[in-house]
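Q: Provided below for reference: sequence and predicted model.
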Amino acid sequence: EQLTKKQQKMAENLVAAEQLISGLANNKVRWTENKAAFAEKNALLVGDCLIAAAFLSYAGAFTFQYRQEMIYDDFCENLKGLKIPLSDEFTVTNLLVSGVEKSKWRGEGLPPDELSIQNGILTTRSTRFPLCIDPQMQASNWIKQREKSIGAKTLQIATFRDDGFMKKLETAVQYGYGFIFENVGEELDPIINPILEKKYTEKNGQKIIMFGETEVPWDDKFRLYLI
């Protein structure tokens, strides 16, 4: 009886092993195709990332139409002329933000149109702090809601006319808070230039920035928005 049970158990294991091998064999074709597709995509990333970097570096100050012409009519066509690999249906938004994140942004109040998505990318992906021209307050409302959604309970809001904005800004820089300057005019107070240019130095492994005559520790999580 014991030998019979062992025989049945071994037969069951053999069936399971055969099913596993069969499943792996079926997946081998798909994995091979995926490997080839990934290799092709990796080759195309050279041009895709070059265009994305150009978009983040140069496109923010321009209108939507000018951005489209600059990126797709000029930059993309130049790369094709230089025979630099580039995806056939390349779009900046599809490369730099996922569908999941687009849906999240929409839930936070960002409109789903291409211009708004581009602006969202420039706000969140650029290494420079964004200046938003926002007459309808869409960017302001989205940024505030987004800060709430990422758990930032210490968002600081001020204008250059507020007496205490310097202290608030120092605190935000030191502890990595988000900070919004509202009602920004054509000229900025030059006292924030070192922050805009990220002119920090390192002392004993700590990033330090000069804020007037005061040394302030710099936290890389610090976020600044000019609206």
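A: Done, it's in. Numbers count the residues shown, from 1 in each chain.
Q: Only C-alpha atoms from now on, for both contacts and neighbour counts.
A: Noted.
Q: Show me what counts as buried in stretch 206-222.
A: Neighbour counts over stretch 206-222 (16 or more other Cα atoms under 10 Å) mark 207-211, 216-219, 222 as buried.
Q: Equivalent analysis for stretch 7-19, please.
A: Residues of stretch 7-19 classed as buried by neighbour count (16+ other Cα under 10 Å): none.
Q: quick one: contacts of that stretch?
A: The contact list for stretch 7-19 (Cα atoms under 8 Å, 6 or more residues apart in numbering) is empty.
Q: How far off centre is it?
A: Centroid displacement of stretch 7-19 relative to its chain, using Cα atoms, centre = their mean, to the nearest Å, is 50 Å.
Q: Just the CA trace of it, in PDB.
A: Written as PDB, here are the backbone C-alpha positions of stretch 7-19 (Å, rounded to 0.1, in the frame of the first residue of the first chain):
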ATOM      1  CA  GLN A   7       3.900   5.500  -7.100                       C
ATOM      2  CA  GLN A   8       0.800   7.700  -7.300                       C
ATOM      3  CA  LYS A   9       2.700  10.700  -5.800                       C
ATOM      4  CA  MET A  10       5.600  10.200  -8.300                       C
ATOM      5  CA  ALA A  11       3.100  10.000 -11.200                       C
ATOM      6  CA  GLU A  12       1.400  13.300 -10.100                       C
ATOM      7  CA  ASN A  13       4.900  15.000  -9.900                       C
ATOM      8  CA  LEU A  14       5.700  13.700 -13.300                       C
ATOM      9  CA  VAL A  15       2.500  15.100 -14.800                       C
ATOM     10  CA  ALA A  16       3.100  18.400 -13.100                       C
ATOM     11  CA  ALA A  17       6.700  18.500 -14.400                       C
ATOM     12  CA  GLU A  18       5.500  17.700 -17.900                       C
ATOM     13  CA  GLN A  19       2.900  20.500 -17.700                       C
END
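Q: pLDDT on that stretch, on average?
A: The pLDDT scores in stretch 7-19 average 78.
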